[in-house]
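[1] Fold the following and give me the result.
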Amino acid sequence: VNHGKAAGPWRFRAFGSRGRGVDRYDLNEFCDRDLTTPMAQMSAQSSSECAPSMSKSVSPVLIIDPHDVITKAMSGMLAEIGWTKLETVSNAVDALEQLRKNAYALVLTDWVMEPMDGLEFLRLLRADAALAATPVMIVTADPNPAHFIAAKEAGANAYALAPFSTDVLAAKLDRIAWAA
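    Below is the predicted model:
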């Protein structure tokens, strides 16, 4: 399966307030530059390797999304890139409970959830000294730049505009690992 930049179903344009088309891959690359260490400063090691703080086999990944189809898709993508331990919850309240009970290598959270959205979840997580260092990637289908800015200011480690390919997910997770 070709998950690269030219893959048809993964490439489409979102239109901003001025009517100009914005390629979602360009937006995802922009988000990477602003949330993580610049590429030039990253380790030259293989992207298939992972920093110790994000061990794929030791600590699980927590996926927070109210839609089963999305959690299944994200689980499949994560499994494809080597993450063997995955847990899912449907809302941020349950996620905070899980995070207080168990250690997680990473949290992938949707932006739009009830009763607490991804931004409020991130702010509460960062305010809790015991959980503040947990890496968080926010996922949304809304290309609103204000969301990206708010996530960055709240301490998101990565931000992704859905839909995205497995390759994009792997690159974002590698950038989080090497920036740690």
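
[2] Give the buried residues for stretch 128-144.
    For stretch 128-144, a neighbour-count test (16 or more other CB atoms under 10 Å) marks Leu131, Thr134, Pro135, Val136, Met137, Ile138, Val139, Thr140 as buried. Glycine gets a C-beta too; all of them are placed from N, C-alpha and C.

[3] Pull out the buried positions in stretch 106-126.
    Of all the residues in stretch 106-126, those buried under the rule 16+ other CB under 10 Å are 106-111, 113, 116-119, 121-126.

[4] Identify all contacting residues around that stretch.
    By CB atoms under 8 Å, 6 or more residues apart in numbering, the residues outside stretch 106-126 that reach it are 54, 61-67, 70, 74, 78, 91-93, 95-96, 99, 131-132, 134-140, 142, 147, 150-151, 154-156, 173, 176.

[5] same question, stretch 76-93
    Residues outside stretch 76-93 that contact it (CB under 8 Å, 6+ apart) are 48, 50, 56-66, 71, 75, 95, 98, 102, 104, 108-109, 113-118, 120-121, 124, 166, 169-170, 173.

[6] one more time with 6 Å
    56-57, 60-64, 66, 71, 75, 95, 98, 113, 116, 121, 166, 169-170 (CB atoms under 6 Å, 6 or more residues apart in numbering).

[7] Keep only those of the residues you listed that are in helices.
    Those of the contacts of stretch 76-93 mapping onto helices are Thr71, Ser75, Ala95, Gln98, Phe121, Thr166, Leu169, Ala170, per DSSP state H.

[8] For Ala160, state which of those is nearest.
    Leu169 (7.1 Å; CB to CB).

[9] That closest one: how many residues sit nearby?
    By other CB atoms under 10 Å, 23 other residues sit near Leu169.

[10] From Leu86, how far off is it?
    For Leu169, the distance to Leu86 equals 13 Å [CB to CB, to the nearest Å].
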